[in-house]
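Participant: sequence? don't have it. structure:
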């Protein structure tokens, strides 16, 4: 049902927790299933220096949030803005069709968090 | 380490069961309805198995009808009585916590014009005998009340329910799929008219079960075909499966005391350890009135499916509820019926031990799960140590 990458991310939960010196953050909830994802970024000179997540939800939501932190860390804000749901799904090795909303929520949270980073 | 704690979903086949089955997949492959000696060897094996299944539940062998599993037995019991007695009445009583094999059958019967009352349960997971009594009507023909719940292991007051229903002329079916082979089940002592069982829940093979159908019970056959099972279930008997079921019942009967002592002790060790070591955990359902091998624990503030995936990654197999529902996003209808707050429903994990569960597996689980819960709490931002 879940790819090895998703299982690994849910088990390891890389970059979990709060970022004390975050410069940008965003939190959103899926009103249908109740999944909650929060992303905290430390952006310096147009580059994401550090990134952490908080997530409460199904494996798709948790893995998507954790994957995002791996994908954006060290990248420029401009590059991060190009990240798509399909790009995240590729990184995750796919999600079951009825769990795709986990990736959609994570990418939306990233976009909103980056909105304040000019 | 691999730790299988999902024995309410299914159990590994006992090696002795497999050994008993093998000849009937090879040399003794006969059709039990055939007159020749190959067929008659199969017939003899089926009848021996019938005696073994009957013995485990205190039934007469002639009252055992082999089915393809628990779902068919539930379907056949409820629909079979309903159709046989539809001229007498069209009201059925069941509970909100039944397996979907019963609930879906009741819903289908509602489409056919039957009226169904769904009894609620309290927070302990038990029905109210007062509500049962007040639900019986002049046109009530059947009640279907499970013996042990698949998600919580909580036992229903079946004997008392049977007494009430018998006094009102209402038949009682019980889905005892989870109870048979785990605790003593005696159909006469309980006073039930129909009982569903399944082989794969007690270390037998999948694809075979049985319906106990007390002699004289009004009932219409569910599967029509040849005159198999004394005209009660059409279809060539699954001889290897039935033989395996019989052997599994024979062994389970000998192991009931072991389940009540050793497996109960392991379950209690697991349960106590988790409740002590993991903050914001709470047991769901009655502590005392339940099967000896099951505990359903809520990890409040966390999400059950994510916990399941993380435990699976560490080699521990558990369930977030009924295995049949694991592919859907619906919350457990059992825990919802018990009135538990959403946080407890979302964070519920079912641990179900089996006859082959070992102490070192419980020790490993107690080492690993608290760390998983701590990491997931950190990721979820859970801070407050309060439990509803």
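Facilitator: Okay, I see it. It should be emphasised that the depicted structure is a prediction, and the values quoted were computed from it without experimental measurement. Numbering: from 1, shown residues only, chains lettered A, B, ... in the order given.

Participant: wait, what's in contact with residue B:93?
Facilitator: B:116-117, B:119, B:132, B:135-136, B:140, B:142-145, B:170 (Cβ atoms under 8 Å, 6 or more residues apart in numbering or on different chains). The way it works is simple: take the backbone N, C-alpha and C, and place the C-beta from them, glycine included.

Participant: tell me the secondary structure for it?
Facilitator: Following DSSP: H, G, I helix; E, B strand; the rest coil, the label given to residue B:93 is strand.

Participant: what's the distance between it and residue B:173?
Facilitator: Computed as Cβ to Cβ, to the nearest Å, the residue B:93 to residue B:173 distance reads 10 Å.

Participant: Please enumerate the shared neighbours of those two.
Facilitator: Contacts common to residue B:93 and residue B:173, judged by Cβ under 8 Å, 6+ apart, are B:142-145.

Participant: Around chain B, pick out the residues from chain A.
Facilitator: Where chain A comes near chain B, counting by Cβ under 8 Å from any Cβ of the partner chain, the residues are A:1-2, A:6-8, A:10-11, A:13, A:16-18, A:33-34, A:38, A:53-59, A:62, A:66, A:98.

Participant: And the buried ones among those residues, selectable in ChimeraX?
Facilitator: Entered in ChimeraX, the line below selects the buried ones among those, by 16 or more other Cβ atoms under 10 Å in any protein chain shown:
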select /A:2,6,7,8,10,11,13,16,33,38,53,54,55,56,57,58,59,62,66
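
Participant: contacting residues around the strand or helix carrying residue A:54?
Facilitator: Applying DSSP states H and E as the criterion places residue A:54 in strand A:47-56. By Cβ under 8 Å, 6+ apart, the residues outside strand A:47-56 that reach it are A:15-19, A:21-22, A:27, A:35-43, A:61-62, A:64-66, A:68-69, A:72-77, A:80, B:301-303, B:379-382.

Participant: try stretch B:224-235
Facilitator: By Cβ under 8 Å, 6+ apart, stretch B:224-235 touches B:33, B:62, B:65-67, B:76, B:211, B:213, B:219, B:221-223, B:236-237.

Participant: Can you tell me which of those residues are buried?
Facilitator: Burial by neighbour count, 16+ other Cβ under 10 Å: within the contacts of stretch B:224-235 this picks out B:65-67, B:76, B:211, B:213, B:219, B:221-222, B:237.

Participant: Sitting in strands, which of the residues of chain A next to chain B do you find?
Facilitator: A:38, A:53-56 (DSSP state E).

Participant: Could you identify the most distant pair in these?
Facilitator: The largest separation in those, counting by Cβ to Cβ, is between A:53 and A:56 at 10.8 Å.

Participant: Endpoint to endpoint, stretch B:207-223 covers what distance?
Facilitator: Start-to-end span of stretch B:207-223 (Cα to Cα, to the nearest Å) is 15 Å.

Participant: model confidence over it, on average?
Facilitator: On average, the pLDDT along stretch B:207-223 is 96.

Participant: hang on, residue B:40 packs against residue B:31?
Facilitator: No. Here residue B:40 lies out of contact with residue B:31, judged by Cβ atoms under 8 Å, at a distance of 10.1 Å.

Participant: And the strands in chain B?
Facilitator: B:3-4, B:64-67, B:91-95, B:115-119, B:140-144, B:171-175, B:194-198, B:209-213, B:281-283, B:294-299, B:316-317, B:348-352.

Participant: quick one: the lengthiest helix in chain B near chain A?
Facilitator: Across chain B, the helix with the greatest residue count (assigned by DSSP state H) is helix B:359-380. Yes. Helix B:359-380 lies within reach of chain A by Cβ under 8 Å from any Cβ, at B:372, B:375-376, B:378-380.

Participant: Among those, name the buried ones.
Facilitator: Among those, those classed as buried by 16+ other Cβ under 10 Å are B:372, B:375-376, B:379-380.

Participant: Now for residue B:215: which residues touch it?
Facilitator: Contacts of residue B:215 by Cβ under 8 Å, 6+ apart are B:60, B:62-63.

Participant: mind redoing it with 6 Å?
Facilitator: Neighbouring residues of residue B:215 by Cβ atoms under 6 Å, 6 or more residues apart in numbering or on different chains: residue B:63.

Participant: and whichever residue of the stretch 101-250 of chain B sits closest to chain A, how many neighbours does it have?
Facilitator: The stretch 101-250 of chain B approaches chain A most closely through residue B:151 (18.7 Å), counting by Cβ to the nearest Cβ. For residue B:151, the neighbour count with other Cβ atoms under 10 Å in any protein chain shown is 28.

Participant: Next: residue B:2.
Facilitator: With other Cβ under 10 Å as criterion, residue B:2 counts 9.

Participant: which stretches of the stretch 101-250 of chain B form helices?
Facilitator: Using DSSP state H, counting those that start in this stretch, the helices of the stretch 101-250 of chain B run over residues B:129-135, B:158-167, B:187-190, B:228-231, B:239-254.

Participant: do the same with chain A
Facilitator: A:4-12, A:59-72, A:77-81, A:85-92, A:101-115.

Participant: Out of the ones you listed, which is the most enclosed?
Facilitator: Of those, the one with the most neighbours on average (mean count of other Cβ atoms under 10 Å in any protein chain shown) is helix A:59-72, at a mean of 26.

Participant: can you list the residues that contact that one?
Facilitator: With contacts defined as Cβ under 6 Å, 6+ apart, helix A:59-72 is touched by A:2, A:6, A:9-10, A:13-15, A:35, A:37, A:48, A:51, A:53, A:55, A:80, A:91-92, A:95, A:99, A:102-103, A:106, A:110, B:305-306, B:309.

Participant: Average pLDDT for stretch B:139-156, rounded please.
Facilitator: pLDDT averaged over stretch B:139-156 gives 98.

Participant: Check which residues of that stretch are buried.
Facilitator: Buried, per 16+ other Cβ under 10 Å, within stretch B:139-156: B:140-156.

Participant: residue contacts, residue B:309?
Facilitator: A:7, A:10, A:59.

Participant: where does the chain dip in pLDDT?
Facilitator: Picking chain A for this. For chain A, the stretches flagged by pLDDT under 70 are A:118.

Participant: You answered for a different chain; I wanted chain B.
Facilitator: By pLDDT under 70, the weakly predicted segments of chain B are B:321-329, B:382-388.

Participant: Got phi/psi on the residue in chain A sticking out farthest from the centre?
Facilitator: What lies farthest from the middle of chain A is residue A:45; by Cα atoms, centre = their mean that is 21.0 Å. Torsion angles at residue A:45 (phi, psi; degrees, to the nearest 10) stand at phi 50, psi 40.

Participant: could I get the residues of helix B:359-380 next to chain A as TSV with distance to residue B:315?
Facilitator: Listed next are these as TSV, based on distance: Cβ to Cβ, whole Å:
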residue	distance to residue B:315
B:372	12
B:375	16
B:376	17
B:378	22
B:379	21
B:380	23
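
Participant: which one of those residues sits closest to residue A:84?
Facilitator: Nearest to residue A:84 among these, with distances taken as Cβ to Cβ, is residue B:379, at 24.0 Å.

Participant: Might one say that the closest one is in contact with residue A:14?
Facilitator: No. Counting by Cβ atoms under 6 Å, residue B:379 sits too far from residue A:14 to count as a contact (9.7 Å).

Participant: Outside of stretch B:281-295 itself, list whatever touches it.
Facilitator: The contact list for stretch B:281-295 (Cβ under 6 Å, 6+ apart) reads B:124-125, B:148, B:152-155, B:182, B:259-260, B:263-264, B:267, B:271, B:274-275, B:296-299, B:351-353, B:387.

Participant: Quote the end-to-end distance of stretch B:308-318.
Facilitator: First-to-last residue span, stretch B:308-318, Cα to Cα: 6 Å.

Participant: With stretch B:181-199 instead?
Facilitator: Per Cα to Cα, stretch B:181-199 runs 9 Å from first to last residue.

Participant: what comes into contact with that stretch?
Facilitator: So stretch B:181-199 is in contact with B:57-59, B:69-70, B:73-74, B:77, B:158-159, B:162, B:171-177, B:179-180, B:202, B:205, B:208-214, B:217, B:245, B:248, B:252, B:256, B:259, B:291, going by Cβ under 6 Å, 6+ apart.
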